[in-house]
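Engineer: quick one, fold the following:
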Amino acid sequence: MRSAVALSDPMSTYHRPSRIRGVWSVCSALLLWAALLAASNTAAVAQNQQRLQRLSPVQQQALHDRQNENTLIVATSHPTASYFAMAHAIASAIGRNGELRLLPMSSGGGIETLRDLLFLRGVDMAIVPVNALAQAKTTESLGSSLPQRVAYITHLYNEEVHLLVGRNTKALAELNGKKIAVPLDDGSALFTAKDLFPRFGVNVEIVRMPAAEALELVRAGDVAGALLMAGKPLPLLADMPKDGSIRLLGLPITPAMEEGYVPAAFRADDYPMLIPDGLVVESVAVSTVLMAHNAKGAEDSLQRTAKFVPAFFDATSERLLNRYTKWEVNLAATLPGWSRLPAAEEWLRRAQQQQALSLQRSFEEFLRETQPPGSPNLTAVQRKKLFDEFVSWTRKSVSETGTPVRQ
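Structural biologist: Reported below is the predicted structural model:
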């Protein structure tokens, strides 16, 4: 044993320094690599700074102007809400050519977003719910002649109002004096709740909390209902138990509501866990519009939006925004009581002319291919009647295939 120990000790003392030297070599190499990387990064930053410093004042001003002329800010909603996601979808679609940039800005939702458009420096556009626009006309804090100071670019999509209640609530009147939850960070849902219930003569106490928590409290009976706004079907409702502990309560539309709301309905196909087959739950939806400045003194903003509109409308026509499942832009839809932005109106006018010319060329080609040689020329009345039928058939075919006619 002693000889074994004696023999092993010299070997141990011989190899240990070797291993230590190996470790130090690796550490030294890593330190050297880190130092070289830091030096490289420092050199790159210094080089960029030197390059920028080499720009003349005129060149720096040109760079400043170009950055600001091609960058737009759009007020949306809280980053977790749908408007913010919509703005990012638009930004990705128009930014593919590298010329324009769209910067979504978080806002409070409802009238607060419209207020940001009107008064906050640098904001060019805003995604606003129509019910907020309807109320804004009579809001003194926004100033007078509001329809002359802002204009709409286009409708974007509709969000259905989901009013979820417990098993024992059968009518709206039963919610009087009770608690209704709205999502914590959804300013548009908060605005809609404050706007809707008084229209039905129902006085409720609005509390704010995360949507998932609100649904659990409704099922438990701790709050009477929860109001959510989103395009159906709402994923959050997909996992609701089919035990009757929570249900969708109807919200019938009235003539007095038509300026800010449109009819909507939920069926079993939308929420099979909440709605029996064959039953329809009436509700209302809020249309969302993209608004912009349209007043004297906002010329710089108008120039930026004039660049944005064709890029956005082209992207919409080319279906580049379909990754957002609720996207249902109707570029030609109007907004009664409000004017369309001139740049948007001009794009639509040209697009309609191009569409008419394209249809006319297709019609002429159709006549050449279908008319037998030597057949008599059509009269003007016959030609117009046949052309109208051709246009109708074309639109029907487009509708059935789901391929839009480029506008």
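
Engineer: all strands of the stretch 251-400 of the chain, in order?
Structural biologist: 262-266, 281-293 (DSSP state E, counting those that start in this stretch).

Engineer: make a markdown table out of the ones you listed and add mean neighbour count, distance to residue 120 and mean pLDDT.
Structural biologist: C-betas here are computed from N, CA, C, even on glycine. Shown next, in a markdown table, are the strands of the stretch 251-400 of the chain (neighbours: other CB atoms under 10 Å; distance: least, CB to CB, whole Å; pLDDT from 0 to 100):
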| stretch | mean neighbour count | distance to residue 120 | mean pLDDT |
| --- | --- | --- | --- |
| strand 262-266 | 16 | 29 | 94 |
| strand 281-293 | 22 | 11 | 94 |
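
Engineer: let me see the domain layout of the protein.
Structural biologist: 1-54, 67-156+289-346, 159-286, 350-401 (automatic domain parsing).

Engineer: these: which one's closest to residue 60?
Structural biologist: domain 1-54 (7.7 Å; CB to CB).

Engineer: that older thread, now render the strands of the stretch 251-400 of the chain as JSON lines, adding distance to residue 214.
Structural biologist: JSON lines is the format used below for the strands of the stretch 251-400 of the chain (distance: least, CB to CB, whole Å):
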{"stretch": "strand 262-266", "distance to residue 214": "18"}
{"stretch": "strand 281-293", "distance to residue 214": "18"}
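
Engineer: residue 210: which of these is closest?
Structural biologist: Ranking the strands of the stretch 251-400 of the chain by proximity to residue 210 (CB to CB) places strand 281-293 first, at 21.2 Å.

Engineer: quick one: strands adjacent to the closest one?
Structural biologist: Using DSSP bridges, strand 281-293 pairs in its sheet with strand 125-129 (antiparallel), strand 150-166 (antiparallel), strand 262-266 (antiparallel).

Engineer: run the chain-centre distance for the second one.
Structural biologist: Taking CA atoms, centre = their mean, to the nearest Å, the mean C-alpha location of strand 150-166 is offset from the chain mean by 11 Å.

Engineer: same deal with stretch 368-376?
Structural biologist: Worked out by CA atoms, centre = their mean, stretch 368-376 lies 51 Å from the chain centre.

Engineer: likewise stretch 344-359?
Structural biologist: Distance of stretch 344-359 from the chain centroid (CA atoms, centre = their mean) equals 25 Å.

Engineer: how about that stretch: buried residues?
Structural biologist: Neighbour-count burial for stretch 344-359, with 16 or more other CB atoms under 10 Å as criterion, is recorded at 344, 347, 348, 351, 359.

Engineer: mind showing which ranges of the stretch 251-400 of the chain have poor pLDDT?
Structural biologist: Within the stretch 251-400 of the chain, the segments meeting pLDDT under 70 span 318-328, 355-357, 359-360, 369, 374, 390-391, 393-400.

Engineer: again, 90 this time
Structural biologist: Along the stretch 251-400 of the chain, segments meeting pLDDT under 90 span 254-256, 258-259, 277, 295-299, 313-334, 336-337, 348, 350-400.

Engineer: residue boundaries of the helices in it?
Structural biologist: Remark: helices assigned in the stretch 251-400 of the chain by DSSP state H, counting those that start in this stretch are 299-317, 342-370, 380-401.

Engineer: now the stretch 51-200 of the chain
Structural biologist: 57-69, 82-94, 111-119, 130-136, 146-149, 187-199.

Engineer: any idea which of these scores lowest on pLDDT?
Structural biologist: When the helices of the stretch 51-200 of the chain are ranked by mean pLDDT, helix 57-69 comes last with a mean of 70.
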